[in-house]
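Visitor: everything below, folded, please.
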Amino acid sequence: MDQSLVLVLTLALMAVGLVGTVVPVLPGIILVFGATLLYALATGFERVGVGHLLLFGALTVLALSLSFASHALGARAFGATRWGVLGAAVGLLIGVLVAGPVGLLLGPLLGAVALEALSGQPLRQAGRSGLGALVGFLLGTAAELALALVIVISFVRLTLA
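Guide: Take a look at the predicted model:
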């Protein structure tokens with residue numbers, strides 16, 4: 001396959017991956033890493049070597065870890081119980097399915113508030129837990145997007161140099 005075509009397809013897959021870092025229906029950072037891996041394989045590791053892939057893989061694992069941890073830690077930092085953390089996760093999934101992009105923001109907030117309130121927490125504390133879940137989600141998404149951009153920019157510099 002022509003290297004120019006491989007590069008265009010790789011960049012297109014990376015663009016979808018970048019969108020996926022903020023839209024949880026798509027596995028964003030995994031698509032970005034997968035695109036670099038496919039490019040390296042298709043081009044015989046000519047421009048993107050094994051060392052680069054290991055670094056990009058480590059950044060991918062770091063991004064996923066930060067994303068998952070920030071959701072729980074954000075809620076916990078604002079006083080959520082495990083019910084609030086669970087509510088945020090369930091709210092995120094339901095929010096995305098029901099309300100799309102708006103559900104990304106409202107789902108974790110409402111889910112955490114709902115399960116905290118149902119578990120007997122005062123409404124004020126339930127609201128704080130929901131706010132923490134929202135802050136954690138936003139921070140995790142920002143970290144994943146930032147690390148995905150580092151991979152994409154590094155890839156572009158390697159391939160277009």
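Visitor: Val32 against Val19, yeah?
Guide: No: look at Val32 against Val19 with CB atoms under 8 Å: they stay out of range, at 10.4 Å. All C-beta atoms are positioned from the backbone trio N, CA, C, and that covers glycine.
Visitor: more neighbours: which of those two?
Guide: Val32 (31 against 14; other CB atoms under 10 Å).
Visitor: how about the contacts made by that one?
Guide: 13-14, 17-18, 21, 60, 148, 151-152 (CB atoms under 8 Å, 6 or more residues apart in numbering).
Visitor: so what's it closest to, chain neighbours aside?
Guide: Nearest residue to Val32, sequence neighbours excluded (CB to CB, 6 or more residues apart in numbering): Gly17, at 3.7 Å.
Visitor: that neighbour against Leu26, yeah?
Guide: Yes: here Gly17 reaches Leu26: they are 7.4 Å apart, a contact under CB under 8 Å.
Visitor: more neighbours: which of the two?
Guide: Gly17 (23 against 15).
Visitor: which residues sit in contact with the more buried one?
Guide: With CB under 8 Å, 6+ apart, Gly17 has these contacts: 26-35, 148.
Visitor: could you redo the last one with a cut-off of 6 Å?
Guide: Gly17 makes contact with 28, 31-32, according to CB atoms under 6 Å, 6 or more residues apart in numbering.
Visitor: how about Ser65?
Guide: Contacts of Ser65 (CB under 6 Å, 6+ apart): none.
Visitor: work out for me the element it sits within.
Guide: Following DSSP states H and E, the helix or strand that holds Ser65 is helix 50-77.
Visitor: quick check: buried residues in that helix?
Guide: For helix 50-77, a neighbour-count test (16 or more other CB atoms under 10 Å) marks 52-53, 56, 59-60, 63-64, 66-67, 70-76 as buried.
Visitor: how near is Leu37 to Gly127?
Guide: Separation of Leu37 from Gly127 (CB to CB, to the nearest Å) stands at 43 Å.
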